[in-house]
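Colleague: no sequence for this one, just the structure:
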């Protein structure tokens, strides 16, 4: 990847996606995080907490843009 992450406009990159907000089922299918793992990552109180929103007090939704940024920020380098 030759582009620096600070130069990438994630909102523009994903503007054409039909589904920006993902349910826990969607996140599991697209990113491979099981629902139990998602739950554990939401409960962490550190900078590694997965970004999420709660709609109507009970529905968990994940912003695809925020998830991709979060994954980039937490990648491990060997």
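Modeller: Good, I have the coordinates. Please read all numbers here as calculations on a predicted model, not as lab measurements.

Colleague: What is the longest strand seen in the chain packed up against?
Modeller: Secondary structure of the chain per DSSP state E: the longest strand is strand 59-63. In terms of contacts (3 or more C-beta pairs under 8 Å, 6 or more residues apart in numbering; DSSP states H and E), strand 59-63 is packed against strand 21-22, helix 24-31, strand 53-55. Glycine gets a C-beta too; all of them are placed from N, C-alpha and C.

Colleague: Columns distance to residue 73 on top of those, output as TSV?
Modeller: Output for the helices and strands packed on strand 59-63, formatted as TSV (distance: least, C-beta to C-beta, whole Å):
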stretch	distance to residue 73
strand 21-22	18
helix 24-31	15
strand 53-55	18
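
Colleague: Quick one: the ones you listed as JSON lines, columns for mean pLDDT, distance to residue 37 and mean neighbour count too.
Modeller: JSON lines is the format used below for the helices and strands packed on strand 59-63 (pLDDT from 0 to 100; distance: least, C-beta to C-beta, whole Å; neighbours: other C-beta atoms under 10 Å):
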{"stretch": "strand 21-22", "mean pLDDT": "94", "distance to residue 37": "14", "mean neighbour count": "16"}
{"stretch": "helix 24-31", "mean pLDDT": "95", "distance to residue 37": "9", "mean neighbour count": "15"}
{"stretch": "strand 53-55", "mean pLDDT": "95", "distance to residue 37": "18", "mean neighbour count": "10"}
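
Colleague: who wins for proximity to residue 75 among those?
Modeller: helix 24-31 (13.4 Å; C-beta to C-beta).

Colleague: just checking, what packs against that closest one?
Modeller: helix 35-43, strand 59-63, helix 64-73.

Colleague: Quickly compare these and say which is most buried.
Modeller: strand 59-63 (a mean of 17; mean count of other C-beta atoms under 10 Å).

Colleague: so that one versus helix 24-31, what angle?
Modeller: Here strand 59-63 runs at an angle of 30 degrees relative to helix 24-31 (axes from the mean of the first three to the mean of the last three C-alpha atoms, to 10 degrees).

Colleague: Strand 59-63 pairs with which strands, and in what direction?
Modeller: In the sheet, strand 59-63 lines up against strand 21-22 (antiparallel), strand 53-55 (antiparallel) (DSSP bridges).
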